[in-house]
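Q: following is a predicted model, sequence given first.
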Amino acid sequence: MTVYQEIFEVIKQRKADYEAGKAQENSYTAYLFDKGVDKICKKVGEEATETVIAAKNGDNDELKNEINDLLYHVMVLAANQGLEWSDVEKVLDERNEKIGNLKKFHQVDKNT
Ligand SMILES: N=c1c2ncn([C@@H]3O[C@H](COP(=O)(O)OP(=O)(O)OP(=O)(O)O)[C@@H](O)[C@H]3O)c2ncn1[C@@H]1O[C@H](COP(=O)(O)O)[C@@H](O)[C@H]1O
């Protein structure tokens, strides 16, 4: 199991406990599920912006942290919307199979 899959399992457990009405003191993830999709999307946007700024500033220490914040919030969004992390990875796997086949992957229909 990758670290992403492990964190996603924790996130899903937080969601299940939130939906079951179990108290989850000090859980930032439970706080996000309680706030709902608008707040989660806002955090994804904020973290994406902070990631871009860190890159533009050439600050790789900051960039590593911001990328992780972004990935975590994207995972919370995926869980909130009912996706499994394996659904996301499956798309990546399928794209990976297209390596070395750039023309096909980026095919542009000139008639449209
Ligand atoms: N990977 C993360 C993770 N990355 C970032 N963050 C939190 O994301 C927040 C981002 O910081 P910000 O300053 O932007 O946000 P904030 O001001 O705290 O919050 P808002 O007021 O903006 O809502 C911080 O509170 C971080 O702690 C995370 N919180 C939790 N996890 C993982 O999620 C799992 C469950 O965590 P809990 O639900 O907190 O137990 C654990 O495996 C954790 O490692």
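A: That came through, no problem. Since we're looking at a predicted model, the values are computed, not measured.

Q: ok, Leu32 - how many residues close by?
A: Counted by other C-beta atoms under 10 Å, the residues lying close to Leu32 total 23. Heads up, the C-betas are built off the backbone N, CA and C, glycines and all.

Q: meant to ask about Asn57
A: The number of residues packed near Asn57 is 10, by other C-beta under 10 Å.

Q: in contact with the residue lying closest to Ser27 once chain neighbours are set aside, which residues are there?
A: Excluding its sequence neighbours, the residue lying closest to Ser27 (C-beta to C-beta, 6 or more residues apart in numbering) is Arg14, at 5.7 Å. Residues near Arg14 by C-beta atoms under 8 Å, 6 or more residues apart in numbering: 24, 27, 29-30, 33.

Q: now list the buried members of those.
A: Buried by 16 or more other C-beta atoms under 10 Å: 27, 29-30, 33, out of those.

Q: distance of Gly58 from the ligand?
A: From Gly58 across to the ligand, the span is 21 Å (C-beta to the nearest ligand atom, to the nearest Å).
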